[in-house]
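>>> I need the structure of the sequence given here:
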Amino acid sequence: MLPIAFGVLGTGILFAGYNLAVSRNPEEVENLFNSTLMGFALMETFIFLSFVVGIRYRNFICRL
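From the prediction side, this is the model:
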């Protein structure tokens, strides 16, 4: 459950920073939005990767 919690927290921080940046510099909306989506995609990739690793090594950790 921690990857989901930190993913939601990170997403909120990311888009809050996007809103703040757009309010300060409205001319760069497109560039900021592209950068924000790339950061979001990277964050979600690591969340899904942590699920895969967690499912893969679930039995190994339970044996310890």
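
>>> residue boundaries of the helices in the chain?
For the chain, the helices defined by DSSP state H occupy 2-24, 29-56, 58-63.

>>> now those as CSV including mean pLDDT and mean neighbour count?
The C-beta positions use only the backbone N, C-alpha and C, and glycine is treated the same way. Shown next, in CSV, are those (pLDDT from 0 to 100; neighbours: other Cβ atoms under 10 Å):
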stretch, mean pLDDT, mean neighbour count
helix 2-24, 91, 12
helix 29-56, 91, 12
helix 58-63, 69, 8
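
>>> if I pick the residue positioned nearest the centre of the chain, what's in contact with it?
In the chain, the C-alpha nearest the mean C-alpha coordinate belongs to residue 43, at 2.9 Å (Cα atoms, centre = their mean). For residue 43, the contacting residues are 7, 10-11, 14, by Cβ atoms under 8 Å, 6 or more residues apart in numbering.

>>> so which of those residues comes closest to residue 60?
Within the contacts of residue 43, the smallest distance to residue 60 is 23.8 Å, found for residue 7 (Cβ to Cβ).

>>> So what's the gap between stretch 12-24 and the chain middle?
Its chain's average C-alpha position is 14 Å from that of stretch 12-24, according to Cα atoms, centre = their mean, to the nearest Å.
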